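[1] What shape does this take:
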Amino acid sequence: MPTAFPFSAIVGQDEMKLALLIAAVDPKVGGVLAFGDRGSGKSTAVRALAALLPKMKVNANCRYNCDPGHPQEFCEECRARAGKVKINQVSVPVVDLPLGATEDRVVGALDLERALARGEKAFEPGLLARAHRGFLYIDEANLLEDHLVDLLLDVAASGENVVEREGLSIRHPARFVLVGTGNPEEGELRPQLLDRFGLSVEVKTPDDLPSRIEVVRRRDSFERDSTAFLEVWSKDEAKLRKTITAARDRLPSVTVADAALERAAKLCMALGTDGLRGELTLMRAARALASLESAKTVKDDHLRRVAPSALRHRLRRNPLDDAGSSVRVDRAIAELFG
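    Predicted coordinates for the structure are as follows:
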């Protein structure tokens, strides 16, 4: 497996990095959508974060990475082995969902080799099984075929993949952090899928000379000698890994006062967001940020900093206001928070 570029060594792209860290601390935030220029480090950041995260405990020989700490979420195979399950530690998976993937490859299908050789009906897990408890990464998410979008919406809503075909009846856990990237010039994302992403960030090519030079310098150093480069950044990576672990442990104790909830609701009402997913995402993201920064309660500053990424993709088009969604969010934040 190729070595991932260190997360700590990524130059700039602060909004994207923060969104990914928030999603790592609390996967319930709902994933990250990064729209922007090609070659600006979107996929690099996703793979770097997965490599940074602490290894996770799984049931040994489980095809779905079942969590030994949550037996109520075991797959059928792990339930059958209850009490006899050994525990392993594995890296957090990052699974690519190709644009041209078939439905069988995504959800899983009959294992043809075993069916033909032994006459057995066995299930061959798909990409959703491999992504459980990790990241499902979609490059150019705005070009994803409609039938795969519908499939992802169903699984993302239930946290479970159900396969009923070819005489098979299988269901297994499929909870993952959905990460999508895309170029807005190549088309828009379907509103139903767009709404499923908790956070949306704008990624731009650095427009100042020192940053561009530093990006090229670090990338060149990494490609010339990745081992030496990783060693240089190992302390920063270890420090960030401890921060994420501590934030996950601290998260349940971080409080959200009624005043903060009122602020979040007022902001969403001022922007006219549909439904209540905006408030929920804003609250969860602010709480995860507070936990990352060792705060005991969510404050206005936390809400203000996560609001653009939590809300910009939830705005309706306003024919009387041709300002971009980011501008509208910033304007509403300024009016509410001062």
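
[2] Let me see the domain layout of the chain.
    7-55+91-203, 252-337 (automatic domain parsing).

[3] what's the closest of those domains to W233?
    W233 lies closest, by C-beta to C-beta, to one member of the domains of the chain: domain 7-55+91-203, at 5.0 Å. Quick note: C-beta positions are derived from backbone N, CA and C, even for glycine.

[4] Would you mind measuring the gap between the ends of that closest one?
    This stretch, domain 7-55+91-203, spans 16 Å end to end (C-alpha to C-alpha, to the nearest Å).

[5] Let's test this: mean pLDDT of that domain, rounded?
    Averaged over domain 7-55+91-203, pLDDT sits at 81.

[6] how distant is that domain from the center of its chain?
    With C-alpha atoms, centre = their mean, to the nearest Å as the basis, domain 7-55+91-203 stands 8 Å off its chain's centre.

[7] picking that back up, mean neighbour count and distance to A246 for the domains of the chain - can I get that in CSV?
    As requested, these are exported to CSV (neighbours: other C-beta atoms under 10 Å; distance: least, C-beta to C-beta, whole Å):
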stretch, mean neighbour count, distance to A246
domain 7-55+91-203, 19, 10
domain 252-337, 18, 8
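
[8] thought A295 was touching L303?
    No: between A295 and L303 there is no contact under C-beta atoms under 8 Å: 12.0 Å.

[9] And the domains of the chain: which comes nearest D236?
    domain 7-55+91-203 (3.8 Å).

[10] mind putting the domains of the chain in a markdown table, distance to E237 included?
    Compiled in a markdown table, the domains of the chain are given as follows (distance: least, C-beta to C-beta, whole Å):
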| stretch | distance to E237 |
| --- | --- |
| domain 7-55+91-203 | 5 |
| domain 252-337 | 16 |
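
[11] now I170, which residues is it bridged with?
    V163 (DSSP bridges).

[12] Is it correct that it is in contact with G126?
    No: the pair I170 and G126 does not pass the contact test of C-beta under 8 Å, sitting 10.4 Å apart.

[13] Identify the contacts common to those two.
    In terms of C-beta atoms under 8 Å, 6 or more residues apart in numbering, I170 and G126 are both contacted by the residues G108.

[14] Strands along the chain, start to end?
    Here the chain has its strands, by DSSP state E, at 32-36, 56-59, 87-90, 94-96, 108-110, 123-125, 135-138, 160-165, 168-173, 177-182, 199-203.

[15] which helices and strands sit right next to the third one?
    Spelled out, it's strand 87-90. Counting contacts by 3 or more C-beta pairs under 8 Å, 6 or more residues apart in numbering; DSSP states H and E, strand 87-90 packs against strand 56-59.

[16] what's the closest of the strands of the chain to L315?
    Across the strands of the chain, closest to L315 is strand 199-203 (C-beta to C-beta), at 10.5 Å.

[17] What separation is there between the closest residue to Q89 other than its chain neighbours and I87?
    In space, and not counting its chain neighbours, Q89 is closest to K55: 4.3 Å by C-beta to C-beta, 6 or more residues apart in numbering. To I87, K55 is 11 Å away according to C-beta to C-beta, to the nearest Å.

[18] How about F337?
    46 Å.

[19] How about D300, nearest residue that isn't a chain neighbour?
    Among residues not flanking D300 along the chain, F337 sits closest, at 5.7 Å (C-beta to C-beta, 6+ apart).

[20] thinking again about what came up before, quick one: the strands of the chain as JSON lines, columns for distance to I213 too.
    JSON lines is the format used below for the strands of the chain (distance: least, C-beta to C-beta, whole Å):
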{"stretch": "strand 32-36", "distance to I213": "20"}
{"stretch": "strand 56-59", "distance to I213": "37"}
{"stretch": "strand 87-90", "distance to I213": "38"}
{"stretch": "strand 94-96", "distance to I213": "29"}
{"stretch": "strand 108-110", "distance to I213": "47"}
{"stretch": "strand 123-125", "distance to I213": "45"}
{"stretch": "strand 135-138", "distance to I213": "29"}
{"stretch": "strand 160-165", "distance to I213": "46"}
{"stretch": "strand 168-173", "distance to I213": "46"}
{"stretch": "strand 177-182", "distance to I213": "24"}
{"stretch": "strand 199-203", "distance to I213": "19"}
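
[21] just checking, the residue nearest to Q89 touches V92?
    Yes: K55 sits in contact with V92 when judged by C-beta under 8 Å, with a separation of 7.4 Å.

[22] Okay, now stretch 27-43: how far is its last residue from its first?
    First-to-last residue span, stretch 27-43, C-alpha to C-alpha: 18 Å.

[23] which residues sit against that stretch?
    10, 13, 16, 19-20, 22-23, 45, 137, 139, 141, 175-184, 189, 194, 196-205, 215, 281, 284-285, 288, 313.
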